[in-house]
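Student: Provide a 3D model corresponding to the input given below.
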Amino acid sequence: MRIHKRWFKERSRIERTEKWVYGWREGVVADGLLSYSADLPASFRDAAKFVDTILTGTNPADLPVEPASKFKLFINLKPAKALGLTIPQLALQRSD
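Tutor: Next up is the predicted model:
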């Protein structure tokens, strides 16, 4: 986990920007404000279903393209407080 945190902080320093919204949880762990992304374990399970369907003989061209079925929201209150933001209670209840 420390490698991810160092990488995010280094990218922020190189780009000379503070990034507050990330596509992965590790960005929030590295002092980002929030992330909203597909739940990777759920996506892998969905992919496994596709693989099973293909291995049982279905033509891959016949399978529909499906969006992610589950999403995760992570909110870090430390930068929110530093920015003077008030996070709505409903958002806090829905966050992971």
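Student: ranges for the strands of this protein?
Tutor: Using DSSP state E, the strands of the chain run over 21-22, 34-38, 71-75.
Student: got the angle between the longest helix seen in the chain and strand 71-75?
Tutor: As assigned by DSSP state H, the longest helix anywhere in the chain is helix 40-55. Following axes from the mean of the first three to the mean of the last three CA atoms, to 10 degrees, one obtains 160 degrees for the angle between helix 40-55 and strand 71-75.
Student: tell me the contacts of the closest residue to residue 21 other than its chain neighbours?
Tutor: Excluding its sequence neighbours, the residue lying closest to residue 21 (CB to CB, 6 or more residues apart in numbering) is residue 34, at 5.8 Å. No exception for glycine: its C-beta is placed from N, CA and C like everyone else's. Taking CB atoms under 8 Å, 6 or more residues apart in numbering, we find residue 34 in contact with 20, 21, 22, 28, 73, 74, 75, 76, 95.
Student: Tell me the spacing between residue 34 and residue 53.
Tutor: 35 Å (CB to CB, to the nearest Å).
Student: Could you do residue 32 as well?
Tutor: From residue 32 to residue 53 the distance is 37 Å (CB to CB).
Student: Which one of the two is surrounded by more residues?
Tutor: Legend: neighbour count by other CB atoms under 10 Å for residue 32 and residue 53, higher for residue 32 (23 against 14).
Student: Phi first, then psi, for residue 31.
Tutor: Here is the backbone geometry of residue 31 (degrees, to the nearest 10): phi 80, psi 20.
Student: Could I get the pLDDT score of the residue nearest to residue 20 when sequence neighbours are not counted?
Tutor: For residue 20, ignoring the flanking residues on the chain, the nearest one in space by CB to CB, 6+ apart is residue 33 at 3.8 Å. For residue 33, the pLDDT comes out at 82.
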